[in-house]
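> Coordinates for the following, if possible.
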Amino acid sequence: MLGLPAAVAAGYVPVKIFLDMPAEFSLGALPGWVLTDLAGYLVAGLVLLLGSLATLFRATAGAVLLGLGALLAVGALLTEPLSVGVPPARFADAMFTHGGFAMVDRVGLAALSVLVLVLAFLPPTFRYLRYRTPTLPVLSGQGAYSSRSW
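As a prediction, the model looks like this:
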């Protein structure tokens, strides 16, 4: 269930950036690396959401999607300073001193992504997702109903 908060945290970053853009600013004016990083956040959020829903219905593919989404989120977090053209140490310093909620979101996304990645690929997770409850046999034919009345 940690995939849902991770999906929200991954989706918050590009949505906040898009909402903070001035009306006269175009996405085409952004450098390609920035657009790639924003797309990485959006794809990570979508894959984490799909993985969470799939594991809710006990599909084994959900754990794989959660792991892939967590890797995408970590990749987007690591490439963000490079896409802006700032050294990672200076980016981290600016995030922690002037970041506000954006910093909290990124730190939360990093923590949730690592947790989701580890928990998604643990053997008990796959054992839980593969387990199917036994079904009751369907009675049909001549012995299905008794002729005795109780």
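
> then the lowest-mean-pLDDT helix or strand in the chain to PDB, C-alphas only?
Least confident helix or strand of the chain, by mean pLDDT, DSSP states H and E, is helix 88-98 with a mean of 81. The C-alpha trace of helix 88-98 is given here as PDB (Å, rounded to 0.1, in the frame of the first residue of the first chain):
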ATOM      1  CA  PRO A  88      23.900  17.700  -7.000                       C
ATOM      2  CA  ALA A  89      25.400  19.000  -3.800                       C
ATOM      3  CA  ARG A  90      24.400  22.600  -4.500                       C
ATOM      4  CA  PHE A  91      20.900  21.300  -5.600                       C
ATOM      5  CA  ALA A  92      20.500  19.400  -2.300                       C
ATOM      6  CA  ASP A  93      21.600  22.400  -0.300                       C
ATOM      7  CA  ALA A  94      19.100  24.700  -2.100                       C
ATOM      8  CA  MET A  95      16.400  22.100  -1.600                       C
ATOM      9  CA  PHE A  96      16.900  21.800   2.100                       C
ATOM     10  CA  THR A  97      17.400  25.500   2.800                       C
ATOM     11  CA  HIS A  98      14.800  27.000   0.500                       C
END
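
> Summarise which helices and strands that helix is packed against.
With contacts taken as 3 or more CB pairs under 8 Å, 6 or more residues apart in numbering; DSSP states H and E, helix 88-98 sits against helix 60-84, helix 101-120. Glycine gets a C-beta too; all of them are placed from N, C-alpha and C.

> Can you name the residues that contact the most centrally placed residue in the chain?
Note on the chain: the residue nearest the mean C-alpha position is residue 48, at 2.3 Å, using CA atoms, centre = their mean. By CB atoms under 8 Å, 6 or more residues apart in numbering, the contact list for residue 48 reads 3-4, 6-7, 10, 65-66, 69-70, 73, 116.
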